[in-house]
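Colleague: take this sequence and fold it.
(2 chains)
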Amino acid sequence: MSVSPEVAGRTFPETPPYDVSRAKIREFATAIGAEPADETPMTFPVVVGFDALQRFMTDPDVGISLHRVVHGDQRFVQTRPVRAGDVLTAELTVESLRQGAGTDIIGTRTEIRTTDGEHVATSYATLVHRGAEPAE
Amino acid sequence: MTRAPSPLSSAEPGTALHARTFTIRRADLVRYAGASGDFNPIHWSDRVATAVGLPGVIAHGMYTMALASRAVGEWAGGFDRIIEYGVRFTRPVVVPDDDTGVDIEVSGTVEGVRDDGALTVGLTCTCRGEKVLGMARAVVRREA
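Modeller: The predicted model follows:
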């Protein structure tokens, strides 16, 4: 099964607000071995960005089979580091969809903002979705 | 906050940045799964990883990307100075189930200076002698 062509250009609902704690920032920084662990790692927005990606990939209208998807590339543009006390949401838009030879190449852009509307980061991810193997 | 001068403060195109080596063990993947929320079993279960055709458990691409970002953060003098950072996941990092783990090596070179003064840095990230990140590039603000 391929991804529905209708997802191209579509913006998906924002993720529920995520309260960023000092403990979460430390947990993430420690997980990547960063020291001191109180500085927010540049890729921390993945915590909310991944939630948006997960919701997109499991949306039954989209048509993705999770075990056939790989993360092709990833880029972050940081407006400012995430801070403890931020309440963040992530809003995913399918920027591009290329389909051919049973493969879908899905370009996504996820805007990560505070619930006050302040922009924090943009996450761009390309997902490569391979179609089902031909029947034997 | 005052900071030590970063290696990038006096860098110019062509400047090679201090290479870093990071070791990845299984336990690191478990910890990263919890911290990031990515619990895909190919990052902790050999059974699932081999069932989908991988040689074994592989690191999250985002974890490798995050480790390499530590090198960028050190060169820049702080994660807050990284304006932009992108990579392509070209090859999986297979992480053995032992106490030694596997090393990835990250090096960087200043590629250019943008009109706004920010530096573009090209990264090379290898594991077992092969590139695991492609088109890896960061844009870094120099200290004010």
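
Colleague: contacts and neighbour counts: CA atoms only from here.
Modeller: Noted.

Colleague: flag every residue of chain A that's near chain B.
Modeller: Proximity of chain A to chain B is confined to A:24, A:27-28, A:31-34, A:39-44, A:46-47, A:50-51, A:67, A:71-81 under the rule CA under 8 Å from any CA of the partner chain.

Colleague: name the nearest residue to the most centrally placed residue in chain B, ignoring sequence neighbours.
Modeller: Central residue of chain B (CA atoms, centre = their mean): B:A68, 1.8 Å from the mean position. In this structure, B:A68 finds its nearest non-sequential neighbour in B:V106, 6.1 Å apart by CA to CA, 6 or more residues apart in numbering or on different chains.

Colleague: same question, A:A31
Modeller: Leaving aside its sequence neighbours, A:A31 sits nearest to B:Y32 (CA to CA, 6+ apart; 5.2 Å).

Colleague: which residues touch the one you found?
Modeller: By CA atoms under 8 Å, 6 or more residues apart in numbering or on different chains, the contact set of B:Y32 is A:F28, A:A31, A:I32, B:D38, B:Y63.

Colleague: cool, A:P45 as well?
Modeller: The neighbourhood of A:P45, defined by CA under 8 Å, 6+ apart, consists of A:V82, A:I112, A:A121, A:S123.

Colleague: mind putting those into TSV with secondary structure, distance to B:T120 and neighbour count?
Modeller: What follows is the contacts of A:P45, written out as TSV (DSSP: H, G, I helix; E, B strand; the rest coil; distance: CA to CA, whole Å; neighbours: other CA atoms under 10 Å in any protein chain shown):
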residue	secondary structure	distance to B:T120	neighbour count
A:V82	coil	22	25
A:I112	strand	24	28
A:A121	strand	19	27
A:S123	strand	18	25
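
Colleague: which stretches in the chain count as strands?
Modeller: In the absence of a named chain, this looks at chain A. A:18-19, A:69-78, A:87-100, A:103-114, A:119-130 (DSSP state E).

Colleague: oops, wrong one, chain B.
Modeller: Counting by DSSP E, one finds strands in chain B at the ranges B:16-24, B:82-89, B:102-113, B:119-127, B:130-140.

Colleague: state the mean pLDDT of the third one.
Modeller: Same thing as strand B:102-113. Regarding strand B:102-113, the rounded mean pLDDT is 97.

Colleague: so how far is it from its chain's centroid?
Modeller: Its chain's average C-alpha position is 9 Å from that of strand B:102-113, according to CA atoms, centre = their mean, to the nearest Å.

Colleague: B:G61: neighbour count?
Modeller: 24 (other CA atoms under 10 Å in any protein chain shown).

Colleague: what of A:T79?
Modeller: A:T79 has 17 nearby residues by other CA under 10 Å.

Colleague: can you pull the pLDDT of it?
Modeller: pLDDT, A:T79: 97.

Colleague: so it sits right up against A:A121, yeah?
Modeller: Yes: at 5.4 Å, A:T79 counts as touching A:A121 under the criterion of CA atoms under 8 Å.

Colleague: which residues outside the longest helix along chain B are in contact with it?
Modeller: Longest helix in chain B, counting residues (DSSP state H): helix B:61-76. Residues outside helix B:61-76 that contact it (CA under 8 Å, 6+ apart) are A:32-34, A:41-43, A:71, B:6-9, B:17-20, B:22, B:29, B:32, B:79-82, B:87, B:89, B:92-93, B:106-107, B:125, B:133, B:138, B:140-142.

Colleague: same question, stretch B:133-144
Modeller: B:8-9, B:65, B:72, B:76, B:81-91, B:117-126.

Colleague: near chain A, which residues of chain B?
Modeller: So chain B meets chain A at B:28, B:31-32, B:35-38, B:52, B:61, B:63, B:66-67, B:69-70, B:78-80, B:82-90 (CA under 8 Å from any CA).

Colleague: just the buried residues of these.
Modeller: B:28, B:31-32, B:35-36, B:38, B:61, B:63, B:66-67, B:69-70, B:78-80, B:82-90 (16 or more other CA atoms under 10 Å in any protein chain shown).

Colleague: burial count for the residue nearest to B:A68?
Modeller: 25.
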